[in-house]
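1. can't give you the sequence, but here's the structure:
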């Protein structure tokens, strides 16, 4: 998937998209009637992994800004991930995930965000509607007690982790590989929660370090 000549994602490198779900949903694998929000459908790998982890009673809402991306996932891309959009647990909303978070009427147990290239790619992430003080506050309001926010990023920037902490959240940053078997762990996933006990274990992961 390419935008403005810049590659966003490829089926050859999707391990970090799987890890986004594994880390963000680790605390709800046995929770009945769990609710998950995924911001950014992409090629469907995060959705697929989420469905493989949550129980049959779960609800998974996907917010995707571009209707073409949803259509591609229903047609050309569906076999890559086992047709996740056919799963009865899934609801797709064609909208900006920021607006869905701000207008949520029922809280989510996990919110997984994979939009653009993450906060590290934004010159001033404080002005971004999701990564700003207001955005983080809206996310906190949209999550259950003990809920987790997980954010995918193409690069590592500890400033954003410090920002999460400054807003009252406990956070861990994990370095993950772009593809299975890769020696380098080039991607970063932040997991944040108001409840430190909800955060996934960092066993087996390298702690993210950066500027």
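-> Ah, there it is. This one's a predicted model, so the numbers in the text were calculated from it and none came from an experiment.
2. Assign the residue nearest to the spatial centre of the chain to helix, strand or coil.
-> The residue lying closest to the centre of the chain (CA atoms, centre = their mean) is residue 112, at 2.5 Å. Applying DSSP: H, G, I helix; E, B strand; the rest coil to residue 112 yields a three-state assignment of strand.
3. beta partners of it?
-> For residue 112, the beta-bridge partners under DSSP bridges are residue 38, residue 150.
4. From residue 24, how far out is it?
-> According to CB to CB, to the nearest Å, residue 112 stands 5 Å off from residue 24. (Each C-beta comes from the backbone N, C-alpha and C, glycine too.)
5. quick one: contacts for the residue nearest to the centre of the chain?
-> Going by CB atoms under 8 Å, 6 or more residues apart in numbering, residue 112 touches 20, 21, 24, 25, 36, 37, 38, 39, 46, 50, 150, 152.
6. wait, isn't the fourth one in contact with residue 51?
-> The reference is to residue 25. No: at 9.9 Å, residue 25 and residue 51 do not qualify as touching, with contact defined as CB atoms under 8 Å.
7. Comparing those two, which residue is more hemmed in?
-> Shown here are residue 25 and residue 51; by other CB atoms under 10 Å, residue 25 has more neighbours (27 against 21).
8. Identify the residues contacting that one.
-> 36, 50, 53, 54, 110, 112, 148.
9. can you check residue 115 too?
-> Residues in contact with residue 115 (CB under 8 Å, 6+ apart) are 39, 40, 65, 97, 130.
10. Without its sequence neighbours, what residue ends up closest to the first one?
-> With CB to CB, 6 or more residues apart in numbering as the criterion, residue 39 has its nearest non-adjacent residue at 3.2 Å, and that residue is residue 97.
11. The one you found: how many residues sit nearby?
-> By other CB under 10 Å, the residues close to residue 97 number 25.
12. Any idea which helix or strand in the protein has the lowest mean pLDDT?
-> None of the helices or strands of the chain scores lower by mean pLDDT, DSSP states H and E than strand 206-207, at a mean of 46.
13. how close does the residue nearest to residue 39 get to residue 193?
-> Taken as CB to CB, the span from residue 97 to residue 193 is 18 Å.
14. same check, this time on residue 14
-> According to CB to CB, residue 14 stands 25 Å off from residue 193.
15. who's more crowded, those two?
-> The neighbour count for residue 14 versus residue 193, taken as other CB under 10 Å, is higher for residue 193 (25 against 22).
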